[in-house]
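# structure for this input, please:
(one chain, ligands or ions: 1)
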Amino acid sequence: MKKISLLLYISTCLFILSCKKSSNNNTDDQQPPTTVDYKPNTTVYGTNNYVKFIVGDLNSPIILASPHDGTIIPDGWPQRDNPDAVIVRDLYVTALTTEISNALYSRTGLRPHMIVNDVARSRMEPNRALEEAYHKTEAANQLWREYHAFLKGAQEMVQKNVGKGLFLDMHGHGHTVPRVEVGYIVSKANLNGTDAGLNSLATTSSIYHLSTISAYPFSQLIRGDYAFGTLLENEGIRAVPSKQDPKPNNDDYFNGGYCTLTYGSKTSGAVSAIQLETHGPNLRNNPTERKASGAKIADAIIKYMQSHYGLFLGK
Ligand SMILES: [Zn+2]
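Numbers count the residues shown, from 1 in each chain. Prediction:
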């Protein structure tokens, strides 16, 4: 009897200690919880509905995001005026991304996850580190955190429920050459170099995990038969790098920004990321073009997932 009471006493003490420990941890840690279970096929909004996470199907391996097409200018939020702050809007990219989402859903039966920022880039910049976003208000910083919590939540959902996936960060450029610039965090100088040089760069790219499961060498993932740019070109959309247009040469080219770097597989994880910088003419400048381009980009995504992930087979 005595023994049982002592055991009970010790285990009660341990229980109280462990509760104290966890409650202390909670008090010290002011960060929001890192893992949130988002309900599939719902839309979750941030403060004032400024950012949203359109949660896709549980088994979708695809995440889409549109960070730079917002138009809302909240009261009392001054314009970002640091000389390094870019404030131009990526016109119609959210509408194009919606077309891609709809086309993916109709072709695969799985709705992708989609994260949208509706506040003007002149007020909040999601595609830079917070310390380089040069926001003018703490409210903008908070909105940035909400946007990134959604991206992280989508990444965790894919990781947990599918085990591997692809994040496409959608943008729009106004460069002279009307072609999609496909960004993998590989520099223009390296893309202008040899295939042998490219083959040594997989570990520093945003598709590192993809390169470990694909049958193709890294240079082929950049500009071979089943590179993302090549699959876009096969759909009739100009793209660099691709088999058809392997190097940016001296033309303007974006190789991927903060979100592609952060939510790709460069450092860890099984979700790879590609930045798609789309051109306007014949692609996203009017509703008819967006519907057609959205379907073509969705077809390229499906072929990419079939070629490298073994997903969407039979679609
Ligand atoms: Zn952009």
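
# can you give me the helices for this protein?
2-28, 93-108, 138-161, 188-191, 195-198, 208-213, 218-223, 228-234, 258-263, 287-309 (DSSP state H).

# including mean neighbour count and mean pLDDT, could these go into TSV?
To be clear about C-beta, it is placed using only N, CA and C from the backbone, and glycine gets the same treatment. Output for the helices of the chain, formatted as TSV (neighbours: other Cβ atoms under 10 Å; pLDDT from 0 to 100):
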stretch	mean neighbour count	mean pLDDT
helix 2-28	9	41
helix 93-108	21	98
helix 138-161	19	97
helix 188-191	18	98
helix 195-198	14	98
helix 208-213	20	97
helix 218-223	24	98
helix 228-234	25	98
helix 258-263	22	98
helix 287-309	20	98
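
# now those in a markdown table, with distance to the ion?
Output for the helices of the chain, formatted as a markdown table (distance: least, Cβ to the ion, whole Å):
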| stretch | distance to the ion |
| --- | --- |
| helix 2-28 | 37 |
| helix 93-108 | 7 |
| helix 138-161 | 13 |
| helix 188-191 | 17 |
| helix 195-198 | 25 |
| helix 208-213 | 22 |
| helix 218-223 | 21 |
| helix 228-234 | 18 |
| helix 258-263 | 10 |
| helix 287-309 | 16 |
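
# tell me the domain ranges of this structure?
Following automatic domain parsing, one finds the domains of the chain at 1-30, 43-309.

# what number of residues lie near A227?
Neighbours of A227 under the rule other Cβ atoms under 10 Å: 26.

# from the ion, how far off is it?
22 Å (Cβ to the ion, to the nearest Å).

# what's the answer for G264, then?
G264 is 16 Å from the ion, where distance means Cβ to the ion.

# list the contacts for the nearest residue to Y309 once chain neighbours are set aside?
Using Cβ to Cβ, 6 or more residues apart in numbering and skipping the chain neighbours, the partner closest in space to Y309 is K164 (6.2 Å). For K164, the contacting residues are P61, V158, H209, I213, A270, V271, Y309, by Cβ atoms under 8 Å, 6 or more residues apart in numbering.

# pull up the gap between K164 and L64, please.
According to Cβ to Cβ, to the nearest Å, K164 stands 17 Å off from L64.

# need the pLDDT of the residue nearest to Y309.
In this prediction, K164 carries a pLDDT score of 98.

# okay, now the residue of the stretch 151-300 of the chain found nearest the ion: neighbour count?
Distances between the stretch 151-300 of the chain and the ion by Cβ to the ion are smallest at H171, namely 3.3 Å. When neighbours are counted by other Cβ under 10 Å, H171 registers 25.

# OK, contacts around the closest residue to it other than its chain neighbours?
Excluding its sequence neighbours, the residue lying closest to H171 (Cβ to Cβ, 6+ apart) is E277, at 4.7 Å. By Cβ under 8 Å, 6+ apart, E277 lies in contact with H171, G172, H173, V180, E181, V182, G183, F254.

# near the fifth one, how many other residues are there?
Other residues within reach of E181, judged by other Cβ under 10 Å, total 25.

# excluding its backbone neighbours, what's nearest it?
E277 (3.9 Å).

# which residues touch the residue nearest to N255 when sequence neighbours are not counted?
With Cβ to Cβ, 6+ apart as the criterion, N255 has its nearest non-adjacent residue at 4.6 Å, and that residue is G183. Contact analysis of G183 by Cβ under 8 Å, 6+ apart lists S206, F254, N255, G256, G257, T260, I274, Q275, L276, E277.

# could you do T43 as well?
By Cβ under 8 Å, 6+ apart, the residues touching T43 are K52, F53, I54, V55.

# how does it look with 6 Å?
Going by Cβ atoms under 6 Å, 6 or more residues apart in numbering, T43 touches K52, I54.

# quickly list what it is bridged to.
I54 (DSSP bridges).

# distance of it from the ion?
Going from T43 to the ion by Cβ to the ion gives 22 Å.

# ok, now how distant is that residue from G70?
16 Å.

# now do the contacts for the nearest residue in space to Y45 that is not next to it in sequence.
Nearest residue to Y45, sequence neighbours excluded (Cβ to Cβ, 6+ apart): K52, at 5.0 Å. By Cβ under 6 Å, 6+ apart, the contact set of K52 is T43, Y45, V116.
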